[in-house]
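>>> sequence plus predicted model, see below.
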Amino acid sequence: MRVKVDADKCQGHNRCFSLAVELFDVDEYGYATELGDGQVPQELEEKARLAAANCPEFAISIEE
Ligand code: SF4
């Protein structure tokens, strides 16, 4: 699984980072990016889905 943040949609709510600090990073304004190449270790897949489901801008996509 892989996560990706669409920078055009992200509004910097910081929610993904709070929910899955292992998968996302935020800049000083709260805008998020996926960490590294976005690859999600199996044990973090639930967290990745949770973060995607909780992004109010639908900016996080998941590739299975
Ligand atoms: S929850 Fe969504 S809008 Fe908020 S920082 Fe993360 S990707 Fe951006």
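The structure has been received and is ready for your questions.
>>> find the nearest non-adjacent residue to residue 30, please.
Closest residue in space to residue 30, ignoring its immediate chain neighbours: residue 12 at 3.6 Å, by Cβ to Cβ, 6 or more residues apart in numbering. Quick note: C-beta positions are derived from backbone N, CA and C, even for glycine.
>>> who's in contact with the one you found?
By Cβ atoms under 8 Å, 6 or more residues apart in numbering, the residues touching residue 12 are 26, 29-32.
>>> cool, residue 37 as well?
residue 2.
>>> next, it: secondary structure please.
coil (DSSP: H, G, I helix; E, B strand; the rest coil).
>>> from the contacts of residue 12, which land in strands?
26, 32 (DSSP state E).
>>> surely residue 11 touches residue 58?
No: assessed by Cβ atoms under 8 Å, residue 11 is found out of contact with residue 58, at 10.7 Å.
>>> need the residues that contact the helix ranked longest in the chain.
When the chain is parsed with DSSP state H, its longest helix is helix 45-54. The contact list for helix 45-54 (Cβ under 8 Å, 6+ apart) reads 1, 3, 15-16, 19-20, 22-24, 40, 60-62.
>>> what number of residues lie near residue 8?
7 (other Cβ atoms under 10 Å).
>>> what comes up buried for the next helix or strand after the longest helix of the chain?
Next in sequence after helix 45-54, counting helices and strands by DSSP states H and E, comes strand 60-63. Neighbour counts over strand 60-63 (16 or more other Cβ atoms under 10 Å) mark 60, 62 as buried.
>>> report pLDDT for residue 19.
Note on residue 19: pLDDT of 97.
>>> over to residue 13?
At residue 13, pLDDT is 87.
>>> would you agree it falls within a strand?
No: looking at residue 13 with three-state DSSP, it is coil, so not inside a strand.
>>> show the pLDDT at the residue of the chain positioned farthest from its centre.
No residue in the chain sits farther from the centre than residue 28, which is 16.0 Å out by Cα atoms, centre = their mean. Note for residue 28: predicted pLDDT of 94.
>>> next: residue 31.
At residue 31, pLDDT is 97.
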